[in-house]
Structures are given as C-alpha cells and as structure tokens.
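Chemist: got a sequence here, can you build the structure:
(one chain, ligands or ions: 1)
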Amino acid sequence: MNDITFFQRFEADIVAGRKTITLRDEAESHFLPGQRLRVGRYEDDVYFCTIEVISVAPVLLSELTDEHARQENMTLPQLKEVIGEIYPGLNELYVISFERVATN
Ligand SMILES: CC(=O)Nc1ccn([C@H]2C[C@H](O)[C@@H](CO)O2)c(=O)n1
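Modeler: Purely as a prediction, here's the structure:
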C-alpha cells in the first residue's frame, strides 16, 4: 500500500533527487515532518521509492517563485501550467518538501 502517488512522468526526477517538492491540495496536506512515505505511480500504484517529509507549508498559487519551480525541476510557467491542469481554479496549495531515502 502506498501513501502518496505521483504521475509516472515525474518518477525519474524523484528517484534522481531532481524533484524535491510537490504541491498538493488540502486533502494531501496532512503529512508530517519526519514521516516516511511509500511512493507509487498514480497510473498503476506501483511502488517506486520512499521519501521522508521535511516540511509541509501553505502557499498561494500567486506566491510561487522560481525557487519552487527549480525544486520541481521545471520552469515557473511550466509549474503553473501543471498546477492548473491538476487543480483547476485552486489558489490555496501546500508545499510538501521531501528527500528520497530509498528505492526499495
Ligand atoms: C492525484 C494527484 O493529485 N497527483 C499528483 C499531484 C501532483 N503531482 C505533481 C505534479 C507537479 O510536479 C507537482 C505539483 O503538483 O506534483 C503529481 O505527480 N501527482
């Protein structure tokens, strides 16, 4: 059983440590610093790594910066486009910072 999922297209970046945050809605804002999460692919729920939560903090869409985008391994316009596709019309997000700690 996995604790959180990511779209398959982000798997390689997470495993390589190039993606170290994710922006989620309130339904996924309950994770706690220090918690270790089994991570699966959204499409098939196949496990692909374990991450440790560093922090969870609220952020508005309008507050996103180039630093958030860098931590997502994207440009800021790319990040805003992805957010708009996943969470259309949502302004209140949560930044989950994490570190990949295992791949098995
Ligand atoms: C079900 C669900 O919401 N799944 C998500 C949500 C977000 N992501 C990724 C996409 C972006 O890189 C960041 C910011 O939302 O997190 C995801 O892979 N799967």
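Chemist: going by C-alpha atoms from here, please, whenever you check contacts or count neighbours.
Modeler: Fine.
Chemist: return the residues in contact with the closest residue to Asp13 other than its chain neighbours.
Modeler: Leaving out its chain neighbours, the residue that sits closest to Asp13 by Cα to Cα, 6 or more residues apart in numbering is Lys19, at 5.4 Å. Applying Cα atoms under 8 Å, 6 or more residues apart in numbering to Lys19 gives the contacts Asp13, Gln71, Glu72, Asn73.
Chemist: buried only: go through the residues you listed for me.
Modeler: By neighbour count, with 16 or more other Cα atoms under 10 Å, the contacts of Lys19 hold Gln71, Glu72, Asn73 as buried.
Chemist: and the ligand, which of those contact it?
Modeler: Among the buried ones among the contacts of Lys19, proximity to the ligand is found for Glu72 (Cα under 6 Å from any ligand atom).
Chemist: need the buried ones among the contacts of Lys19 in CSV (columns: pLDDT).
Modeler: As requested, those are arranged in CSV below (pLDDT from 0 to 100):
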residue, pLDDT
Gln71, 98
Glu72, 98
Asn73, 98
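Chemist: which of the buried ones among the contacts of Lys19 lies closest to the ligand?
Modeler: Glu72 (5.8 Å; Cα to the nearest ligand atom).
Chemist: partners of Ile96 in the sheet?
Modeler: Beta-bridge partners recorded for Ile96 (DSSP bridges): Thr22, Val56.
Chemist: sorry, back to before: redo the contacts of Lys19 as JSON lines? Include secondary structure.
Modeler: Listed next are these as JSON lines, based on DSSP: H, G, I helix; E, B strand; the rest coil:
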{"residue": "Asp13", "secondary structure": "helix"}
{"residue": "Gln71", "secondary structure": "helix"}
{"residue": "Glu72", "secondary structure": "coil"}
{"residue": "Asn73", "secondary structure": "coil"}
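Chemist: hmm, which two among those are most spread apart?
Modeler: Farthest pair in the contacts of Lys19 (Cα to Cα) is Asp13 and Gln71. Separation: 10.4 Å.
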